[in-house]
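**Q** sharing a sequence plus its predicted fold:
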Amino acid sequence: MSSPEVDVAATATDRSPVLDDTKLFGHPRGLGLLFATEMWERFSYYGMRAILVLFLVQALHWTTKEAASLYGYYTSLVYLTPLIGGYLADRWIGTRRSLVIGAIIISLGHFSLAFSSMKMFYLGLALVIIGTGFFKSNVSTMVGQIYKPGDARRDAGFTIFYMGINLGATFGQFVCGYFGDPVRWGDGGWHIGFAAAGFGMVAGLIVYLWGRDKYLPGIGLGTAVARAKQAAARAGHGAADAMANIDRDAWWQALVGAVLGAGLAWYLGAADGDVMQAVIGFGFGVLVGGAISLTVLGTKGEERKRVFALFLVVVFVTAFWMCYEQAGSSMNLFALRNTDLNVFGHRVPPAWFQSVNTICILVFAPVFAAIWSALSKRGKEPSTAFKMVIGLTLLGTGFLFMVAGGRRADTGVLVSPLYLMSAYALHTWGELCLSPVGLSYFTKVAPLKFASLLMGVWFLSNAAANFLAGMLAGYLPTPGEAPTAPATGLAGVIQHAAATNGGFWMIFVVIGFGAAGTMLLCVPLLKWLTRSVKA
């Protein structure tokens, strides 16, 4: 008779020795299993993402604004649903079951996209969004559950896992981008590319199911709620009653903020007349308003100052990703329409240029880690906030190459691919200065009782940035498309500035350098707000 399943994240006992082995470069072999699983999931996501906008404008003949808007809606929801999926896994499902459910739904979504039907197309996008909600946050959680508390290998384990993400993204962009090229494969190639993304996810699921009992015994079986109840029971009924009172207060605090945030977001979103935009904006308003109210009202003193610091940083992080995420939309279209794709006598699929980002991460992530380590030993390592300033500056500098390329494209010539490649490289260096250190900053600064919620806010900023990125990408000038009706207010200013390619890319130069300069001014304030911790 088999022994009952034990959640090793809930108890330090009954851990299988395989979870503490060192056979994978000093790490447990279970890390390699999750590495492979996540690699294939990222293969599927980034592979499909690489060709989505190109499919919309080339195969479906959508306008730039229509394609960019859908892309923004899709990518923002992909980052938004993991908050819900993580909550469900914590309370009821458990990370192990949630991962399997997510992988199955993602696979079905990609295979739905392989059919030549608009109903199947929309169904496919919806399934990928829902499946990613179950999958994305939980596979990362399971990496953390492998290691015992205080295990010095944890940070290095996440670095290895991060490399798997980018390795899968690189292969996905190459494979799906190769098939999603109508010049080589005709219109049927799009659906082969979408199906390839589906097969990638199936491969990841098979790998996980094959090795989870052998290399991840007990990982992800229980839920966070079950563990909290166990802890409360051990502490006695008085502790459990106190927890219940705190929960009731938290619900009311979150509700007040959610209502205020929803009202403001609905007003701002509805003003544009776009129903979908208003609905998604409403969702962001609920989540952001609730998170701000809960964390600000639920803290005091130095902890409240740290919460203010995190929400201030979120503003700059959102500005960064809003520009950076032009990669799959406007920069992808610039590769298609304005870039000379003949490289050394061979035609390069336009989607392939996005792989410059992931390749640079694989190459330069160890370099940046070595630089910070060397500066730290000399006592000259910059603060996290200043590293983010550097990241925003590199972002703006990358878009200067796009401005130069855009101005040449405005003369009617196809420009060298070096403009795009230089921009992608600089954006990646900026990412390495902002994203890893930003995640670490949140884990150090967030008050312990709101650590998970505020980490969710970090990912929420990615969702909001993708939403805004899609809106901005819609202003990319496209010859032959009917001009949109004159806009007023901020939209009118953006529309006027984006009348040319050079002017469009200058918008992101201004945002990048403007955010860098503003954050530089805020560095002393951030240091004061976080003086109670080393950040």
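**A** That came through, no problem.

**Q** drop to CA atoms for contacts and neighbour counts, all remaining ones
**A** Fine.

**Q** grab the nearest non-local neighbour of Tyr122.
**A** Leu113 (7.9 Å; CA to CA, 6 or more residues apart in numbering).

**Q** my guess is that neighbour contacts Val128. True?
**A** No - in terms of CA atoms under 8 Å, Leu113 does not count as a neighbour of Val128; the distance is 9.8 Å.

**Q** now find how far off-centre stretch 55-65 is within its chain.
**A** Distance, stretch centre to chain centre, for stretch 55-65: 24 Å (CA atoms, centre = their mean, to the nearest Å).

**Q** could I get the buried residue list for that stretch?
**A** Judged by neighbour count using 16 or more other CA atoms under 10 Å, the buried positions of stretch 55-65 are 55-57, 63-65.

**Q** same question, stretch 442-455
**A** 442-447, 450, 454-455.

**Q** swap in stretch 307-320?
**A** 307-311, 313-314, 316-320.

**Q** kindly report the same for stretch 31-43.
**A** So, applying 16+ other CA under 10 Å, buried residues of stretch 31-43: 31-43.

**Q** just the CA trace of it, in PDB.
**A** Output of stretch 31-43 as PDB, limited to C-alpha atoms (Å, rounded to 0.1, in the frame of the first residue of the first chain):
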ATOM      1  CA  LEU A  31      15.300  21.900 -10.400                       C
ATOM      2  CA  GLY A  32      16.300  20.500 -13.800                       C
ATOM      3  CA  LEU A  33      12.800  19.000 -14.200                       C
ATOM      4  CA  LEU A  34      11.200  22.400 -13.600                       C
ATOM      5  CA  PHE A  35      13.800  24.100 -15.800                       C
ATOM      6  CA  ALA A  36      12.800  21.800 -18.700                       C
ATOM      7  CA  THR A  37       9.100  22.300 -18.000                       C
ATOM      8  CA  GLU A  38       9.300  26.100 -17.900                       C
ATOM      9  CA  MET A  39      11.600  26.100 -20.900                       C
ATOM     10  CA  TRP A  40       8.900  24.400 -23.000                       C
ATOM     11  CA  GLU A  41       6.200  26.600 -21.700                       C
ATOM     12  CA  ARG A  42       8.200  29.800 -22.600                       C
ATOM     13  CA  PHE A  43       8.900  28.200 -26.000                       C
END
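
**Q** ok, and what's touching it?
**A** 24, 103, 139, 143, 146, 157, 160-161, 164-173, 197, 200-201, 203-205, 207-208, 211-212, 215 (CA atoms under 8 Å, 6 or more residues apart in numbering).

**Q** start to end distance for stretch 490-506?
**A** 16 Å (CA to CA, to the nearest Å).

**Q** now tell me what touches it from outside.
**A** 399-400, 402-407, 409-410, 475-477, 486-487, 507.

**Q** that older thread, and the buried residues of stretch 442-455, which is closest to Val18?
**A** Closest approach to Val18 among the buried residues of stretch 442-455 (CA to CA): Thr443, at 28.0 Å.

**Q** and the gap between the closest one and Leu432?
**A** Applying CA to CA to Thr443 and Leu432 gives a distance of 17 Å.

**Q** out of the contacts of stretch 490-506, who's nearest Gly193?
**A** Nearest to Gly193 among these, with distances taken as CA to CA, is Leu476, at 25.5 Å.

**Q** how many neighbours does the closest one have?
**A** 23 (other CA atoms under 10 Å).

**Q** which residues sit in contact with it?
**A** By CA under 8 Å, 6+ apart, the neighbours of Leu476 are 64-65, 330, 498, 501, 504.

**Q** part of a strand, is it?
**A** No - Leu476 is assigned coil when assessed by DSSP: H, G, I helix; E, B strand; the rest coil, not a strand.

**Q** report pLDDT for it.
**A** pLDDT recorded at Leu476 is 93.

**Q** do the one 10 residues further on as well
**A** We note a pLDDT of 67 for Pro486 in this prediction.

**Q** one more: the one 3 residues further on?
**A** pLDDT, the model's per-residue confidence, is 73 for Gly489.

**Q** so how many other residues sit close to it?
**A** 8.

**Q** again, but for Ala423
**A** Counted with other CA under 10 Å, the neighbours of Ala423 add up to 25.

**Q** check which helix or strand covers it.
**A** In this assignment (DSSP states H and E), Ala423 forms part of helix 417-445.

**Q** who are the packing partners of that helix?
**A** Where contact means 3 or more CA pairs under 8 Å, 6 or more residues apart in numbering; DSSP states H and E, helix 417-445 is packed against helix 301-324, helix 330-338, helix 355-377, helix 384-409, helix 451-473.

**Q** okay, those helices in TSV with mean pLDDT next?
**A** Below are the helices and strands packed on helix 417-445 laid out as TSV (pLDDT from 0 to 100):
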stretch	mean pLDDT
helix 301-324	92
helix 330-338	96
helix 355-377	89
helix 384-409	96
helix 451-473	85
